[in-house]
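Enquirer: sequence plus predicted model, see below.
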Amino acid sequence: MSEFAAGEPVRPTEQPVLPELAVQASELPVQASELPVQPPKLAQASKLLQASKLLMQPSELRRLLTTFGYLAGKQGATAVLGLAYWAVATRLFSAQDVGLAAAASSTAMAALFVIGSVATMAALTFSNAAIGVHRGSAQLWQGSLASALKLACVAALVVVGIRTAPGLLFAWALTMVVSVVVCMPMLRLEPTPAGEGNITHRVALVRRYGMLSLKHHVLNLSINSVFYIVGVIAALVLLPRQLAYFTAAFLLESTAMVIPYLLALSLFAEISGDQSLLHRHVRRTLPLGMALCVGIVVVAWVTAPFALRLFGPAYAVNGTTALRLLVLVGPAYVIKDHYVAIRRAQGRLGHAAKVMAAGTSAEALGAALGGIHWGMTGICVGWLVAVSCEAVVLLPAMIRVYRRDPTAEPVPGGSSG
């Protein structure tokens with residue numbers, strides 16, 4: 001396999017025969033004429049079969065790109081349909097209702113928000129499971145179905161004359177629930193074997209994998225919570241109309257910067273079971289992610305007012321500065337996402353969770369201080385400054401992995417971090 005992977009043909013080599021190992025043919029227990037001879041055609045066919053099997057095995061890069069392709073396809077479909085959903089919502093619903101829906105500022109909306117949040121967690125779990133079992137098509141269908149149903153729900157609400165914030169939240173919650181239930185069979189999960197579904201076996205599984213799962217969950221929470229925290233901060237310090245403009249800019253920024261994030265996610269998905277691939281994949285995904293991010297920043301700065309005009313003229317006037325500032329966090333998040341993928345591969349989950357929790361706290365503090373003093377622009381600037389400082393702290397670890405194989409790096413405190 002190594003000869004094929006290196007692109008070198010397999011050549012027979014002549015090895016010197018040591019005098020002490022030399023024997024006469026007459027001394028052998030079986031004469032050469034008595035040995036079974038494999039027919040030449042059969043031997044050639046066997047070699048061709050072995051070579052075809054090697055060539056049919058997916059390469060490292062192809063597996064990485066396949067995983068990335070499914071993730072990007074799902075996110076692309078979700079982004080396009082999601083943008084269409086918000087474009088329709090912002091044009092058919094008032095900015096006041098869009099802002100109130102984002103803030104969930106009543107008891108009924110809070111209940112719908114809780115239902116939608118639980119459904120969103122179910123969808124995230126579904127996506128992670130699809131990545132883990134290499135069912136990218138299931139993830140693609142789930143995201144596309146959820147986004148398409150959102151558009152259908154908004155159209156239905158408009159037809160029946162409901163143009164309120166609770167209607168938007170209802171559409172969001174309902175579509176997430178339906179998409180997960182409908183697409184669940186696409187995971188093709190095997191039925192639980194007899195005797196493994198009892199409570200004793202499940203408790204044993206929890207004891208075996210509980211701590212590892214908890215560390216992964218804490219790390220996920222410390223990474224992803226910052227986006228929800230920034231949204232909560234915006235809801236607390238901004239007026240509903242300003243919140244609507246910020247939400248539109250935030251949505252566009254998240255959509256534009258998802259491609260570099262998916263590269264880092266694909267990195268972990270493909271090296272989670274083989275640390276020897278980490279160094280090679282990082283050298284591929286890090287420069288590509290950074291280049292994509294810089295290109296996205298340049299395009300966003302030029303096209304920001306035109307992109308926000310999709311939601312209406314008022315969004316273009318009031319949200320352009322916020323969008324231009326928000327996309328600047330992209331390069332820092334390329335470093336942050338790769339750092340997390342590397343620490344997962346190294347098994348240093350506890351250490352990574354502590355670092356990410358501190359970073360998330362710093363980002364939230366920066367956004368809060370900026371929002372209190374300078375409003376919507378202050379939230380963006382405060383978040384940008386905080387995440388840039390965090391990236392500077394994480395950069396040395398990234399450089400070490402980029403330059404050498406991380407398996408040689410010592411792991412303090414055990415493999416579990």
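Expert: Great, that's in hand. Numbers count the residues shown, from 1 in each chain.
Enquirer: does Leu252 really touch Leu308, like I thought?
Expert: Yes - at 7.0 Å, Leu252 counts as touching Leu308 under the criterion of C-beta atoms under 8 Å. C-betas here are computed from N, CA, C, even on glycine.
Enquirer: surely Ala249 is in contact with Val327?
Expert: No - contact status for Ala249 versus Val327: not in contact, 9.2 Å apart, counting by C-beta under 8 Å.
Enquirer: so which of those two has more stuff around it?
Expert: Neighbours were counted for Ala249 and for Val327 using other C-beta atoms under 10 Å; Ala249 has more, 27 against 24.
Enquirer: quick one: contacts for that one?
Expert: 308, 319-320, 322-323, 326 (C-beta atoms under 8 Å, 6 or more residues apart in numbering).
Enquirer: for the closest residue to Thr360 other than its chain neighbours, the count of nearby residues, please.
Expert: Setting aside the residues directly before and after it, Thr360 is nearest to Val226 in space (C-beta to C-beta, 6 or more residues apart in numbering), at 4.6 Å. Counted with other C-beta under 10 Å, residues neighbouring Val226 total 22.
Enquirer: still on that earlier bit, any common contacting residues for Leu252 and Leu308?
Expert: Leu323.
Enquirer: where does Asn198 land on pLDDT?
Expert: Looking at Asn198, its pLDDT reads 77.
Enquirer: so who does it touch?
Expert: With C-beta under 8 Å, 6+ apart, Asn198 has no contacts at all.
Enquirer: CA-only coordinates of stretch 325-333 in PDB, if you can.
Expert: Provided in PDB are the C-alpha atoms of stretch 325-333 (Å, rounded to 0.1, in the frame of the first residue of the first chain):
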ATOM      1  CA  LEU A 325     -17.300  44.400  11.100                       C
ATOM      2  CA  LEU A 326     -18.800  40.900  11.800                       C
ATOM      3  CA  VAL A 327     -17.000  39.200   8.800                       C
ATOM      4  CA  LEU A 328     -13.700  40.400  10.200                       C
ATOM      5  CA  VAL A 329     -14.000  37.700  13.000                       C
ATOM      6  CA  GLY A 330     -13.700  35.000  10.300                       C
ATOM      7  CA  PRO A 331      -9.900  34.600  10.200                       C
ATOM      8  CA  ALA A 332      -9.800  34.300  14.000                       C
ATOM      9  CA  TYR A 333     -12.400  31.600  13.900                       C
END
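Enquirer: circling back to that earlier point, ok, so of the contacts of Ala249, who is nearest Thr125?
Expert: Thr125 lies nearest to Leu326 out of the contacts of Ala249, by C-beta to C-beta, at 27.5 Å.
Enquirer: list the contacts for the closest one?
Expert: By C-beta under 8 Å, 6+ apart, the contact set of Leu326 is 249-250, 253, 380, 383-384.
Enquirer: now Val230
Expert: Taking C-beta under 8 Å, 6+ apart, we find Val230 in contact with 250, 363-364, 367, 379, 383.
Enquirer: do Leu236 as well
Expert: So Leu236 contacts Gly371 (C-beta under 8 Å, 6+ apart).
Enquirer: if I look at it, what pLDDT would I see?
Expert: 91.
Enquirer: quick check: it vs Gly371, distance?
Expert: 8 Å (C-beta to C-beta, to the nearest Å).
Enquirer: with just CA atoms, put the helix or strand containing Ala244 into CSV.
Expert: Here Ala244, judged by DSSP states H and E, is contained in helix 240-256. In CSV, the C-alpha atoms belonging to helix 240-256 read as follows (Å, rounded to 0.1, in the frame of the first residue of the first chain):
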residue,chain,number,x,y,z
PRO,A,240,-36.3,45.7,18.4
ARG,A,241,-35.6,47.5,15.1
GLN,A,242,-31.9,47.6,15.7
LEU,A,243,-32.0,43.9,16.7
ALA,A,244,-33.7,43.1,13.4
TYR,A,245,-30.9,44.9,11.5
PHE,A,246,-28.2,43.1,13.6
THR,A,247,-29.9,39.7,13.1
ALA,A,248,-29.9,40.1,9.3
ALA,A,249,-26.2,41.1,9.3
PHE,A,250,-25.4,38.3,11.8
LEU,A,251,-27.2,35.8,9.6
LEU,A,252,-25.3,36.8,6.5
GLU,A,253,-22.0,36.7,8.3
SER,A,254,-22.7,33.2,9.7
THR,A,255,-23.7,31.9,6.3
ALA,A,256,-20.6,33.4,4.5
